[in-house]
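S.K.: Take a look and give me a structure for this.
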Amino acid sequence: MFQWGGKQQKAFDTLKEKISTAPVRAPPDLQRPFEIQTDASNYAMGAVLIQHDKPICYHSETFNSIVVNYPTYDKELYALVQSVKKWKHYFINHFNIYTPKLSCSNQDIIYGWVFYNSFI
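M.R.: Residues are numbered from 1 along each chain as shown. Predicted structure coming up:
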């Protein structure tokens with residue numbers, strides 16, 4: 001049986017403090033590169049735009065009835081494309097992509113695919 005004790009209360013208070021105190025989000029610096037971190041599950045995707053290890057923007061989306069049927073790799077690419085579309089106004093300089101399930105021996109293929117699908 002679960003019991004709420006001092007350890008649980010301390011963890012809860014720490015979490016509450018971290019998500020409610022500044023800086024939760026940082027202002028962007030358009031002269032420096034950005035990082036995009038994405039992840040996709042069976043039914044949704046999430047992404048964070050990061051700079052200097054601080055979050056700038058968040059994006060999440062529930063998949064529609066078509067995307068739900070995509071294989072995992074395609075869902076990850078979909079998450080990446082949707083994120084770049086949403087934040088393309090930030091990418092004057094350049095950005096890096098981090099996604100746990102996309103692995104490719106040639107990263108240029110992924111970058112090219114994302115740019116082609118994001119900016120048309």
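
S.K.: Need phi/psi at the residue most central in space within the chain.
M.R.: In the chain, the centroid-proximal residue (C-alpha atoms, centre = their mean) is Ala47; its distance is 1.7 Å. Dihedral angles of Ala47 (phi, psi; degrees, to the nearest 10) stand at phi -150, psi 150.

S.K.: what are the bridge partners for it, then?
M.R.: For Ala47, the beta-bridge partners are Thr38, His59 (DSSP bridges).

S.K.: Pretty sure it sits against His59.
M.R.: Yes: under the contact definition of C-beta atoms under 8 Å, Ala47 touches His59, with a separation of 4.6 Å. Where C-beta positions appear, they are placed from N, C-alpha and C, glycine not excepted.

S.K.: Quick check: neighbours shared by those two?
M.R.: Common contacts of Ala47 and His59 (C-beta atoms under 8 Å, 6 or more residues apart in numbering): Gln82, Ser83, Lys86.

S.K.: Show me these that map onto strands.
M.R.: In strands, judged by DSSP state E, none of the shared contacts of Ala47 and His59 are found.

S.K.: Now tabulate those residues in JSON lines and tack on pLDDT.
M.R.: Listed next are the shared contacts of Ala47 and His59 as JSON lines, based on pLDDT from 0 to 100:
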{"residue": "Gln82", "pLDDT": "90"}
{"residue": "Ser83", "pLDDT": "89"}
{"residue": "Lys86", "pLDDT": "90"}
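
S.K.: Since that was my last question, I'll sign off now.
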